[in-house]
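Q: need a structure here:
(chains A and B)
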Amino acid sequence: MAKIIGIDLGTTNSEAAYIEAGKPVVIKSVEGQPYFPSVVAFTKTGEMLVGEAAKRQAVTNTEGTVQRIKRKMGTHEKVTLRGKTYTPQQISAFILQKIKKDAEDFLGEKITDAVITVPAYFNDDQRQATKDAGAIAGFNVKRIINEPTAAALAYGLDKEGDQKIAVYDFGGGTLDVTIMEVGGGVFEVLSTSGDTQLGGSDMDRALVDYIAEEFKKKHGVDLRKEPKTLQRVLEAAETAKIELSSTLQTDINLPYIYVVTGEPKHLEIKLTRAKLEEIISPIVQRSEKPCNQALHDAKLKPEEIDHVVLVGGVTRMQLVQKKVEEIFKQKPKREVDPMECVAVGAAIQAGVMSGDIDKDIVLLDVTPLTLSIETLGGVATPLIERNTTVPTKKSKVFSTAADNQTSVEINVLQGERPMAADNKSLGRFHLDGILPAPRGLPQIEVSFDIDVNGIMNVSAKDLGTGKEQSIHITGSTKLSDSEIERMRKEAKEHEEDDKKRKEKIEIRNTADSLMHSTEKALVELKDKFSSEDKENLEKALKELREALTGDDTDVIKAKTDALTQVFQKASTAIYQQAAQQYQQQSGQGQTQGESWQGQPSDDDTINADYKVKGEKKKKDTEDS
Amino acid sequence: MPTKKPSSTKKNTQETAHDALKKLEEENTRLQQELTEKNDKYLRTLADFQNYQKRMEKEHSTQKEETKKKYLLELLDLTELLKKAYEDPDPKPGLKLLLENIDKFLQKEGITYIDCKGKPFDYQLHNAVSTIEQSDCVDGTILDEIKKGYLVGEKLLRPAHVIVAKKKQ
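A: You can find the predicted model right below:
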């Protein structure tokens, strides 16, 4: 079924959203903004502009631009632009058309259906006009819903049984308060109130006035008089307002704001949150009356309201939140972006209608904790990371840790800690019958396969012999929340210690594998090493072996490095010797160190590149 | 032998029915098995997709972090140098080089300044902050620039904030 988008057709800005994979996504305009200015214009040349472009040219083209058309919806008033008259429906349709086009660009598919929101106080004429605007724009308007209802839907309040909800919508230019009752998924508006002349722009103006007055006191110049300086002060006020919602004090610095008799002046003002609140407090205070009025009309006491929802950018300010809490005697909800809340709610309504929500949704479990196996030195090596959606299957190839090892133990672990012993063991089994071989050579593939019910099949397969062993583990995805929480907390608490311990083990493992390869080389190449090198190697080897019996990681590391160096020196000597011999034999003065050209060898053997993926082998190759 | 015929027919029909039933049963088992397999495959694909989404989200945020880091480092270098210039009793030559470096960086990133003074207003590049009425002017010409505008490549980074001339009627 085709997508239905949700549209918040606003007075100054409009927003749109849709449901993707069960989640609401806000649609961006072609200009890259998550909103569409509700502005329409016709230029001198007759070109129609909508949104950002229309807004940018508004002051140069007052006779050809129309803003805030929402306020005229449902009336018989007409707008004349460049000699042509339009109904409010037609103007709104231009805005909706722009949203439709940009949404189609954004989604990459044709959009025909929409859910559009209107204020709760809109009468039938106003609603019909909105529906008509949608139809003119080419939308099949599936439903007109109230803005506060959409906001409540964005919070999923329709699913919580019988509730009384207050929606406090404080936007750039208006305040709307709505009290609703919801039951069985149906919303009923109990009362609405508001102030059409109260908004965030009043706050900005008050703040600009304060900053400008402060500057005037000091330098005798009114920054509001010049558009250039007013613009900078406006922007600084906006930034300060946002900053003060998270900090207690901010500096407003505007260098070179004005030149007074040839001397540049800078604006420097410290603004505290307390001061800001003092400045805007009278404006916020004015929102109390409409709230009380709405409560009175709904015949409810503040205590009888179950949820208060915040809508509109102004509600991001702490002072506003405090005021709302004071009026309704409870903390308001503000988890959903208050600017996008209504569009998101409209999208949710649309999603329910199109089947993008609820219907046919397959809920898949996730693994609450990481699943690993124990490897050399008691390290937990993860196969399936935490938060992986199941069913899923992951495999990794491991090898043996000792020569002629004929059996490996698979210890299945659950938890976030890097060491096996600190995690929960879900089960263990042995895979026997591995052919005797040097360590690192056998390839054991370990697979974790979790089905949709969370039952995990762990298998280990010797890729050489084909021998396989497996176990079933139930409940790998079913853990109590408290257990998951405890294990995650533990992992976090021990993060530092665990890291050190793991490092320690890794140093030991590295030392161990270096010792092993040195011993092997000493046997295999005993005739090639010079007696001096051999002596040095044996000495360094002995020292490392001794260090390993102890517990001092620094010593082990130092001895490992020492042995590595001696080993490198010895092997270099062997290669140099070989090169010399080759030169003598071939009689050619080839320079040393020329790169391998890849000539095939005389016989037919193919030099297979034998790679073992497991942890152990990786370390071997890194060291040597 | 007429008596035998119906019995054999009956037997035949029975056999055919039996065969058909058996066939259907086999078919049913096969289909059920196929359905189980397909269902498992579907769920696994769905889970794979969800895991892919999670990975993409993670990658996206790391990428964002990386980009942020890149610009923050540039900004830090700049801050260090500005601090030095601030301590310098004769900062002009140093500041000149610093500005050149910044310009070079911006140029590398494809940033170009929108030159607008005296040009006709264009809503694609300019944002009109106010107008000034004049009797001797070309309507719609940009008189002053309040805030510089920039492009990144072909795209608008920020429109120039301008004051536009309005012809007195």
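Q: Tell me who's in contact with the one residue in the stretch 451-600 of chain A that gets nearest to chain B.
A: The nearest approach of the stretch 451-600 of chain A to chain B comes at A:V452, 5.0 Å away (Cβ to the nearest Cβ). Quick note: C-beta positions are derived from backbone N, CA and C, even for glycine. Counting by Cβ atoms under 8 Å, 6 or more residues apart in numbering or on different chains, A:V452 makes contact with A:364-365, A:390-391, B:40, B:43.
Q: what helix or strand is it on?
A: Under the criterion DSSP states H and E, no helix or strand holds A:V452.
Q: again, but for A:V189
A: strand A:186-195.
Q: Pull up the pairing partners for that strand, direction included.
A: Looking at strand A:186-195 with DSSP bridges, its partner strands are strand A:175-183 (antiparallel).
Q: Could the C-alpha coordinates of the strand it pairs with be exported in PDB?
A: In PDB, the C-alpha atoms belonging to strand A:175-183 read as follows (Å, rounded to 0.1, in the frame of the first residue of the first chain):
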ATOM      1  CA  LEU A 175      -0.400  29.900  22.300                       C
ATOM      2  CA  ASP A 176      -3.000  27.100  22.200                       C
ATOM      3  CA  VAL A 177      -4.100  25.100  25.300                       C
ATOM      4  CA  THR A 178      -6.300  22.100  24.800                       C
ATOM      5  CA  ILE A 179      -7.800  19.700  27.300                       C
ATOM      6  CA  MET A 180      -8.900  16.300  25.900                       C
ATOM      7  CA  GLU A 181     -10.200  13.000  27.100                       C
ATOM      8  CA  VAL A 182      -9.200   9.800  25.500                       C
ATOM      9  CA  GLY A 183     -10.800   6.400  25.800                       C
END
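Q: re the thing from before, which of the contacts of A:V452 fall within helices?
A: B:40, B:43 (DSSP state H).
Q: Would you mind listing the two of the contacts of A:V452 that lie farthest apart?
A: Pairwise distances across the contacts of A:V452 (Cβ to Cβ) peak at 14.6 Å, for the pair A:D365 and B:D40.
Q: neighbour-wise, which of these two wins?
A: A:D365 (17 against 13; other Cβ atoms under 10 Å in any protein chain shown).
Q: Need the pLDDT of A:D481.
A: With respect to pLDDT, A:D481 has a value of 76.
Q: Over to A:D498?
A: 80.
Q: Please apply the same query to A:S586.
A: 67.
Q: Repeat that for the one 10 residues further on.
A: Looking at A:W596, its pLDDT reads 42.
Q: B:G118 in helix, strand or coil?
A: coil (DSSP: H, G, I helix; E, B strand; the rest coil).
Q: ok, it - contacts?
A: B:G118 touches B:141-142, counting by Cβ under 8 Å, 6+ apart.
Q: ok, now how distant is it from B:G149?
A: B:G118 is 15 Å from B:G149, where distance means Cβ to Cβ, to the nearest Å.
Q: near chain B, which residues of chain A?
A: Residues of chain A lying close to chain B (Cβ under 8 Å from any Cβ of the partner chain) are A:21, A:31, A:43-44, A:49, A:53-54, A:56-60, A:227-228, A:231-232, A:362, A:364, A:387-393, A:451-452.
Q: Among these, name the buried ones.
A: A:43, A:49, A:53-54, A:56-60, A:227-228, A:231-232, A:364, A:388-393, A:451-452 (16 or more other Cβ atoms under 10 Å in any protein chain shown).
Q: what residue is smack in the middle of chain B?
A: B:H60 (10.2 Å; Cα atoms, centre = their mean).
Q: Who are the contact partners of that one?
A: Counting by Cβ under 8 Å, 6+ apart, B:H60 makes contact with nothing.
Q: can you tell me the helix or strand for it?
A: Going by DSSP H and E, B:H60 is part of helix B:4-87.
Q: distance between that helix and the chain's centre?
A: 24 Å (Cα atoms, centre = their mean, to the nearest Å).
Q: same deal with stretch A:136-151?
A: The chain centroid and the centroid of stretch A:136-151 are separated by 30 Å under Cα atoms, centre = their mean.
Q: mean confidence score for that stretch?
A: pLDDT averaged over stretch A:136-151 gives 95.
Q: just for the stretch 501-624 of chain A, where's the confidence low?
A: Applying pLDDT under 70 to the stretch 501-624 of chain A flags the ranges A:586-624.
Q: how about 80 then?
A: Scanning the stretch 501-624 of chain A for pLDDT under 80 picks out A:525-528, A:578, A:581-624.
Q: now the helices for it?
A: Along the stretch 501-624 of chain A, counting by DSSP state H, counting those that start in this stretch, helices occupy A:531-549, A:553-586, A:615-623.
Q: May I see the ones you listed organised as CSV, with distance to A:L435 and mean neighbour count added?
A: Shown next, in CSV, are the helices of the stretch 501-624 of chain A (distance: least, Cβ to Cβ, whole Å; neighbours: other Cβ atoms under 10 Å in any protein chain shown):
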stretch, distance to A:L435, mean neighbour count
helix A:531-549, 28, 16
helix A:553-586, 29, 15
helix A:615-623, 17, 16
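Q: between these, which one is nearest to A:M203?
A: Ranking the helices of the stretch 501-624 of chain A by distance to A:M203, with Cβ to Cβ as the measure, places helix A:615-623 first at 59.8 Å.
Q: Any idea which helix or strand in chain A has the lowest mean pLDDT?
A: Using mean pLDDT, DSSP states H and E, helix A:615-623 stands out as the lowest-scoring helix or strand of chain A, at a mean of 38.
Q: Mark which of the buried ones among the residues of chain A next to chain B are part of strands, please.
A: Counting by DSSP state E, those place A:49, A:392-393 in strands.
Q: Chain B: which of these is nearest?
A: Nearest member of these to chain B, counting by Cβ to the nearest Cβ, is A:T392, at 5.4 Å.
Q: Could you double-check that the closest one sits in contact with B:L46?
A: No: counting by Cβ atoms under 8 Å, B:L46 is not a contact partner of A:T392; they are 10.6 Å apart.
Q: Quick one: name the residues of chain B near chain A.
A: Within chain B, the positions lying close to chain A (Cβ under 8 Å from any Cβ) are B:40, B:43-44, B:46-48, B:50-51, B:53-54, B:121, B:123-124, B:126-131, B:140, B:144, B:146-147, B:156, B:159, B:161, B:163-164, B:166.
Q: do that again at 7 Å, thanks
A: B:40, B:43-44, B:46-47, B:50-51, B:54, B:121, B:123-124, B:126-131, B:140, B:146-147, B:159, B:161, B:163-164 (Cβ under 7 Å from any Cβ of the partner chain).
Q: tell me the pLDDT at A:F187?
A: As predicted, A:F187 sits at a pLDDT of 90.
Q: what stretches of the chain score poorly on pLDDT?
A: Defaulting to chain A. Confidence mapping of chain A against pLDDT under 80 gives the ranges A:1-2, A:21-22, A:260-261, A:355-363, A:474-484, A:487, A:491, A:525-528, A:578, A:581-624.
Q: Oops, wrong one, chain B.
A: Short version for chain B, where the test is pLDDT under 80: B:1-11, B:169.
Q: could you show me where the helices are in the stretch 301-450 of chain A, in order?
A: Under the criterion DSSP H, counting those that start in this stretch, the stretch 301-450 of chain A contains helices at A:318-328, A:341-354.
Q: Could I get the buried residue list for the shortest one?
A: In other words, helix A:318-328. By neighbour count with 16+ other Cβ under 10 Å, helix A:318-328 contains the buried residues A:319-321, A:323-324, A:327-328.
Q: helices or strands next to it in the packing?
A: strand A:163-170, helix A:273-285, helix A:288-297, strand A:307-311 (3 or more Cβ pairs under 7 Å, 6 or more residues apart in numbering or on different chains; DSSP states H and E).
Q: try it again with 6 Å
A: helix A:273-285 (3 or more Cβ pairs under 6 Å, 6 or more residues apart in numbering or on different chains; DSSP states H and E).
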